[in-house]
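**Student:** Sequence first, predicted model second:
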Amino acid sequence: MARFLRPLLRGTTYTRLLHLWVPMLVVALWLFIDPSTPWVPALLLVPVGLIPAVRRGEGVQARLLLTPGEEESGISETPSATWRDRGRTVLWLEARMVLGSAGALASVWLPAIAFDLGLLAAGQAPDGNPLLGAARPHWAYALLVPLPLIALYGAVVGLGVLVTALARRLLGPSAAERLAALEERTEQLLERTRIARELHDSIGHALTVAVVQAGAARAAGDPEFTDRALAAIEETGRSALEDLERVLGVLRESRRPVSGRPTLADAGRLLESARASGAKVDAEVTGPLEAVPGPVSREGYRILQEALTNVLRHAGAVPVRVRVSVAHGMLDLEVRNPLPGAIPGPGRGSGLRGIRERAALLGGRTHTGPDGGDWQVHAQLPVG
């Protein structure tokens, strides 16, 4: 019994009933003006439904009254973009008027019938009811009083469910809107992946430099070297905080431009950070770096950062050769360092995987692994 009465305790049941009553205000007004032509409001809905903005208004109203509190209601709030959308809007308006008429009649006549049945059971003859006008008072009519109320319950709940299903069908997103939503969702997933890579590369680099510097300072036992190490840790930490603030800014402001992210023009601080950690960096930069497009330059910076981080993490203070060149429509980036001992197997860490993913997203290619006694990270990114 409690489950049967549960819909009566939901606010959605009554907001849906209100949604069915709204078009009846227009019908009632027209019937007051000219009761001989009740079909005119339905005819006027055809040109009204062809107006693009009407679909947006109906969608907003349907979401507020039919699916309150639901994030994924399946009801669109965009104007009609095609004639198919306009046709669906016209069908929706006509269906809403038909269901609204049924709901209004049920809401008025069924309670009235229950009341008249109560009068008959009490010994009074109802007045003005064509269904019960000829009935004679009798106590047995009390047994029939619940029937119209049960029918009213079924009409209110059933029509609410039906109009909601029709709204999702006729006011739901079109194929173009679903494709746009899918593309937006894909962009969000790509952005989350990019943010994860940003955090891994930037914070991982800073922590690696800090660990290497701290370990070297403790082993050296030289106050002057310790001061230099602490200064390098401070500078690297400050840069990491700046990168972290940029990444968090992307999370806080989804439409914030990415122009604040570092590019290859800022690669000098990566090289200086590696040198301060003890690595002997031999860098060669050729070609017009300023002509490299922003996305390519930003991803190139992160690839260089991850490559230097791997050197410091796995090889320590060793000679590093960095070559960055722009020629023939390609950005060529190579980082090489001597292998510290036994030749390792293929890298499976998230850093090397991130390098490969960054290059693949830009249509480039990478090679990471042993090469002639060195460990090599070689990335080629198209700049055209």
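**Tutor:** In hand now; what should we look at? Numbering: from 1, shown residues only.
**Student:** Do a quick rundown of the helices in the stretch 201-350 of the chain.
**Tutor:** 223-252, 267-276, 294-314, 350-361 (DSSP state H, counting those that start in this stretch).
**Student:** Quick check: which of those helices is buried the most?
**Tutor:** Mean neighbours per residue, mean count of other Cβ atoms under 10 Å, is largest over those for helix 294-314, with a mean of 23. (Glycine included, C-beta is placed from N, CA and C.)
**Student:** tell me what that one is packed against?
**Tutor:** helix 175-220, helix 267-276, strand 319-327, strand 330-338, helix 350-361, strand 374-382 (3 or more Cβ pairs under 8 Å, 6 or more residues apart in numbering; DSSP states H and E).
**Student:** can you put the ones you listed in TSV and add mean pLDDT and distance to Leu20?
**Tutor:** Supplementary listing: the helices and strands packed on helix 294-314 in TSV, determined by pLDDT from 0 to 100; distance: least, Cβ to Cβ, whole Å:
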stretch	mean pLDDT	distance to Leu20
helix 175-220	71	26
helix 267-276	83	65
strand 319-327	91	66
strand 330-338	91	62
helix 350-361	79	50
strand 374-382	90	59
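**Student:** Tell me which of the ones you listed sits nearest to Phe115.
**Tutor:** helix 175-220 (47.5 Å; Cβ to Cβ).
**Student:** one step back: let's have the helices and strands packed on helix 294-314 in TSV, adding distance to Pro47.
**Tutor:** As requested, these are exported to TSV (distance: least, Cβ to Cβ, whole Å):
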stretch	distance to Pro47
helix 175-220	24
helix 267-276	63
strand 319-327	60
strand 330-338	58
helix 350-361	49
strand 374-382	53
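**Student:** Could you say which one of those comes nearest to Arg302?
**Tutor:** Nearest to Arg302, of all the helices and strands packed on helix 294-314, is helix 175-220, at 4.9 Å by Cβ to Cβ.
**Student:** shaky segments in the stretch 1-150 of the chain?
**Tutor:** 1, 128-130, 133 (pLDDT under 70).
**Student:** Report the distance from stretch 160-168 to the chain centre.
**Tutor:** Here stretch 160-168 is found 25 Å from its chain centre; the criterion is Cα atoms, centre = their mean, to the nearest Å.
**Student:** Output that stretch as CSV, restricted to C-alpha atoms.
**Tutor:** Included here for stretch 160-168 are C-alpha records, laid out as CSV according to Å, rounded to 0.1, in the frame of the first residue of the first chain:
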residue,chain,number,x,y,z
GLY,A,160,2.7,12.5,-16.0
VAL,A,161,4.8,9.5,-17.0
LEU,A,162,3.4,9.6,-20.5
VAL,A,163,4.1,13.3,-21.1
THR,A,164,7.6,13.0,-19.7
ALA,A,165,8.3,10.1,-22.1
LEU,A,166,7.0,12.1,-25.0
ALA,A,167,9.1,15.1,-24.0
ARG,A,168,12.2,13.0,-24.1
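**Student:** mean confidence for it?
**Tutor:** Per-residue pLDDT over stretch 160-168 has a mean of 92.
**Student:** What lies in contact with that stretch?
**Tutor:** The contact list for stretch 160-168 (Cβ atoms under 8 Å, 6 or more residues apart in numbering) reads 12-13, 16-17, 19-20, 62, 66-67, 73-75, 92, 95-96, 99.
**Student:** Likewise for stretch 372-384?
**Tutor:** Contacts of stretch 372-384 with the rest of the structure, by Cβ under 8 Å, 6+ apart, involve 291-293, 296, 299-300, 303, 306-307, 310-311, 314-315, 326, 329-339, 344, 352, 355, 359, 362-370.
**Student:** among the helices and strands packed on helix 294-314, which is nearest Leu152?
**Tutor:** The nearest among these, by Cβ to Cβ, is helix 175-220 at 37.3 Å.
**Student:** Relative to Asp282, which of the helices and strands packed on helix 294-314 is closest?
**Tutor:** Of all the helices and strands packed on helix 294-314, it is strand 319-327 that lies closest to Asp282, at 5.0 Å by Cβ to Cβ.
**Student:** Not counting its own residues, what contacts the closest one?
**Tutor:** With contacts defined as Cβ under 8 Å, 6+ apart, strand 319-327 is touched by 264, 267, 271, 274, 279-289, 291-292, 300, 304, 308, 311, 331-338, 383.
**Student:** Of those residues, which count as buried by neighbour count?
**Tutor:** Neighbour counting with 16 or more other Cβ atoms under 10 Å marks 264, 267, 271, 274, 279, 281, 283, 287, 289, 292, 300, 304, 308, 311, 331-337, 383 as buried within these.
**Student:** Out of the contacts of stretch 160-168, which is nearest to Ile51?
**Tutor:** If you rank the contacts of stretch 160-168 by distance to Ile51 using Cβ to Cβ, Trp92 comes first, at 13.0 Å.
**Student:** now the residue lying farthest from the centre of the chain, what's its secondary structure?
**Tutor:** Centroid-distance maximum for the chain: Arg136 at 64.9 Å, with Cα atoms, centre = their mean. Using DSSP: H, G, I helix; E, B strand; the rest coil, the structure places Arg136 in coil.
**Student:** Hmm, Ala125 and Arg136 touching each other?
**Tutor:** Yes - at 7.5 Å, Arg136 and Ala125 qualify as touching, with contact defined as Cβ atoms under 8 Å.
**Student:** returning to that earlier point: could I get the helices of the stretch 201-350 of the chain as JSON lines with distance to Pro35?
**Tutor:** Below are the helices of the stretch 201-350 of the chain laid out as JSON lines (distance: least, Cβ to Cβ, whole Å):
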{"stretch": "helix 223-252", "distance to Pro35": "59"}
{"stretch": "helix 267-276", "distance to Pro35": "82"}
{"stretch": "helix 294-314", "distance to Pro35": "67"}
{"stretch": "helix 350-361", "distance to Pro35": "67"}
